[in-house]
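Participant: give me a 3D structure for the following:
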Amino acid sequence: MAEHRAIALSDMPENEMVDVKVGGRDLVLVRRGNDVHALDGKCPHKGVPMSKGTIVGDQLVCGIHRAAFALHTGELQAPPACEALQRYDTRVDDGQVFVAVPGDGATDGHGQQPVWPVPQMARRGDDPRHFIIVGAGAAGWRATETLRIEGFEGQITVVGDEHSGPYDRTDLSKAYLGASDTPSVTPLRDMAVANEHGIELRHGRAVSLDPGANELTVEADGSQVVLVYDNLLLATGSASRMLPLDGADKTGIHTLRTEVDAKCLREDLDDLLAANGKAKVVIIGAGFIGLEAAASLTKRDGVSVTIIAMEKLPMARLFGDAFGERLLAEHRDAGVTVLTEARTEAFIGADRVQGVQLAGGQVVDADLVLVAVGAKPNTDWLPFETLRDGGIAAGQDLRVPGQDNIYVAGDIAQVPTPWGKTRIEHWRFAQETGELAARNMLGGTRGYESTPFFWTMQHIGGSYTLTGHNGSDDVAEGDVVPDDFAVRYVRNGEVTAVLAHGLDDHLTKLERDMAGEGPLPGDVVNLGALG
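Facilitator: So this is what the prediction gives:
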């Protein structure tokens with residue numbers, strides 16, 4: 001362990017993150033009086049510099065995606081990160097701060113050191129109980145690791161319908177599609193770690209459930225097996241909706257939900273570009289997945305993109321006309337053709353799609369089509385009453401009503417929150433509900449006490465973020481210009497959410513203020529203060 005002088009104590013403001021490079025590593029230091037805390041300088045989630053974030057109490061909060069870490073230990077305390085921050089020993093001598101770092105040369109995948117620590121987890125022990133998690137996505141895998149983090153030593157089986165282990169699904173419509181070289185999907189966890197801690201990932205599709213017998217039937221490779229559980233978590237996620245139109249079975253028509261979907265789309269596009277040097281891509285749908293895909297695909301040389309949107313303005317129904325106009329202008333300025341108030345009627349072509357026919361007869365030429373018209377919860381196989389949208393209404397503890405040992409999390413779960421009963425298809429919300437469900441499977445009784453948070457990347461630098469949860473009837477207040485802005489959504493005099501670009505420190509504080517409270521009085525959420 002080598003000790004290095006890092007900085008003079010007098011050069012460190014109180015309770016602020018200070019970037020330093022020590023022994024070839026990027027660290028952040030935080031001064032509390034004469035004590036200095038040293039932690040790895042980049043967030044494990046996307047490698048974002050932690051110094052862009054905020055200190056809230058004894059937590060360091062990433063300024064971009066709001067992962068939170070304990071100041072004194074680096075322990076992971078809130079998603080979307082899955083690892084902790086490495087902590088380093090420090091001492092202050094004669095006004096100078098010294099930091100001890102190992103010299104093993106390990107890297108973390110972002111070219112920095114060290115490897116981010118995996119949270120401390122129990123291993124399989126003598127506990128005879130068997131917990132099954134259906135779904136290896138954000139909610140299911142977060143629940144799986146939370147069980148081990150909380151000390152559960154029983155058998156854990158994760159049933160996943162994809163051959164790969166858990167991965168960051170948010171990459172698929174962003175960097176993965178736009179990469180000019182061969183991309184890879186970011187895994188949430190190396191399966192060697194899962195094996196070490198006695199977590200079994202079983203490939204298969206859950207096809208039936210007998211709650212009375214505590215039996216789950218899983219189908220894989222044409223055969224079925226019955227698994228018996230003590231506690232069951234359903235985190236089955238959603239499936240892409242397809243348009244039931246003439247020609248929908250032609251090749252060259254894609255959806256985007258899974259890693260396989262993204263790879264098939266990429267390979268199809270790569271083949272087109274290799275053969276012709278150009279490709280016309282048509283995206284049906286102007287939700288965030290369709291818009292993100294458009295922003296990513298326009299980065300590829302030779303690719304032209306057309307969006308077919310039913311709405312006059314994208315996302316305006318939920319976020320207001322001003323933001324819809326901003327998104328529309330942003331895409332058009334980037335060279336995307338956006339056809340608004342347009343309805344798709346059929347897919348044109350022989351075996352492969354060659355065009356999309358709109359109501360009124362117009363045909364939009366297409367070499368490849370991405371259908372991005374929303375998703376439906378994977379709940380058709382379950383013997384429970386579902387909501388009109390396919391979700392399952394959970395109790396406060398995320399238990400299925402009438403069931404003692406079956407829980408839900410993620411996309412399929414309608415959860416009681418301070419914003420009302422909500423079903424939110426956000427990556428971070430899925431992780432939070434998975435974590436909460438796991439703790440309640442072990443005897444907890446807590447409900448959702450966080451703040452919904454969502455981000456999307458379009459053409460401009462940085463992300464648009466939504467803090468809170470608004471409805472389509474909420475009134476939008478505020479301007480969407482210049483580059484950094486904040487729009488608040490108001491219902492009955494209370495602010496339900498804030499949509500913003502930039503202003504991350506202010507919004508981190510707002511998130512903490514809303515957690516467990518929900519909408520806040522309008523005079524508390526001051527847009528002038530945010531700006």
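Participant: distance of residue 219 from residue 159?
Facilitator: Per C-beta to C-beta, to the nearest Å, residue 219 is found 10 Å from residue 159. For every residue, glycine as well, the C-beta is placed using N, CA and C.
Participant: now the strands for the stretch 1-150 of the chain?
Facilitator: Per DSSP state E, counting those that start in this stretch, the stretch 1-150 of the chain carries strands over the ranges 2-8, 17-22, 25-32, 35-40, 54-56, 59-61, 68-70, 76-78, 87-88, 90-93, 96-101, 130-134.
Participant: restricting to C-alpha, output the third one in PDB.
Facilitator: Once side chains and other backbone atoms are set aside, the C-alpha atoms of strand 25-32 remain, and they are given as PDB (Å, rounded to 0.1, in the frame of the first residue of the first chain):
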ATOM      1  CA  ARG A  25      -6.400   7.000  -9.700                       C
ATOM      2  CA  ASP A  26      -9.100   9.500 -10.000                       C
ATOM      3  CA  LEU A  27     -10.500  10.100  -6.500                       C
ATOM      4  CA  VAL A  28     -12.900  12.500  -4.700                       C
ATOM      5  CA  LEU A  29     -12.000  13.900  -1.300                       C
ATOM      6  CA  VAL A  30     -14.500  15.400   1.200                       C
ATOM      7  CA  ARG A  31     -13.400  17.400   4.100                       C
ATOM      8  CA  ARG A  32     -15.300  17.400   7.400                       C
END
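Participant: higher neighbour count, residue 219 and residue 159?
Facilitator: Neighbours were counted for residue 219 and for residue 159 using other C-beta atoms under 10 Å; residue 159 has more, 24 against 14.
Participant: now the helix or strand where that one lies - C-alpha only, PDB.
Facilitator: Per DSSP states H and E, residue 159 falls inside strand 155-160. Taking C-alpha atoms only, strand 155-160 is exported to PDB below (Å, rounded to 0.1, in the frame of the first residue of the first chain):
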ATOM      1  CA  GLN A 155     -31.800 -21.300  -2.100                       C
ATOM      2  CA  ILE A 156     -32.400 -18.600  -4.700                       C
ATOM      3  CA  THR A 157     -33.500 -19.500  -8.300                       C
ATOM      4  CA  VAL A 158     -33.800 -16.700 -10.900                       C
ATOM      5  CA  VAL A 159     -35.900 -17.700 -13.900                       C
ATOM      6  CA  GLY A 160     -35.100 -15.600 -17.000                       C
END
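Participant: same for the helix or strand following it, what does it pack against?
Facilitator: Remark: after strand 155-160, the chain's next helix or strand is helix 175-178, criterion DSSP H and E. Packing partners of helix 175-178 (3 or more C-beta pairs under 8 Å, 6 or more residues apart in numbering; DSSP states H and E): helix 259-276, helix 288-297.
Participant: output those in CSV, with distance to residue 51 and mean pLDDT appended to each entry.
Facilitator: Shown next, in CSV, are the helices and strands packed on helix 175-178 (distance: least, C-beta to C-beta, whole Å; pLDDT from 0 to 100):
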stretch, distance to residue 51, mean pLDDT
helix 259-276, 32, 96
helix 288-297, 27, 96
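Participant: give me the common contacts of residue 219 and residue 159.
Facilitator: Residues touching both residue 219 and residue 159 (C-beta atoms under 8 Å, 6 or more residues apart in numbering): 204, 206.
Participant: any idea what the nearest residue to residue 66 once chain neighbours are set aside is bridged to?
Facilitator: In space, and not counting its chain neighbours, residue 66 is closest to residue 453: 5.7 Å by C-beta to C-beta, 6 or more residues apart in numbering. Beta-bridge pairing for residue 453 (DSSP bridges): residue 467.
Participant: and the strands of the stretch 1-150 of the chain as JSON lines, adding distance to residue 195?
Facilitator: As requested, these are exported to JSON lines (distance: least, C-beta to C-beta, whole Å):
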{"stretch": "strand 2-8", "distance to residue 195": "33"}
{"stretch": "strand 17-22", "distance to residue 195": "34"}
{"stretch": "strand 25-32", "distance to residue 195": "29"}
{"stretch": "strand 35-40", "distance to residue 195": "26"}
{"stretch": "strand 54-56", "distance to residue 195": "36"}
{"stretch": "strand 59-61", "distance to residue 195": "31"}
{"stretch": "strand 68-70", "distance to residue 195": "26"}
{"stretch": "strand 76-78", "distance to residue 195": "21"}
{"stretch": "strand 87-88", "distance to residue 195": "27"}
{"stretch": "strand 90-93", "distance to residue 195": "35"}
{"stretch": "strand 96-101", "distance to residue 195": "30"}
{"stretch": "strand 130-134", "distance to residue 195": "16"}
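Participant: gap between residue 25 and residue 6?
Facilitator: To residue 6, residue 25 is 10 Å away according to C-beta to C-beta.
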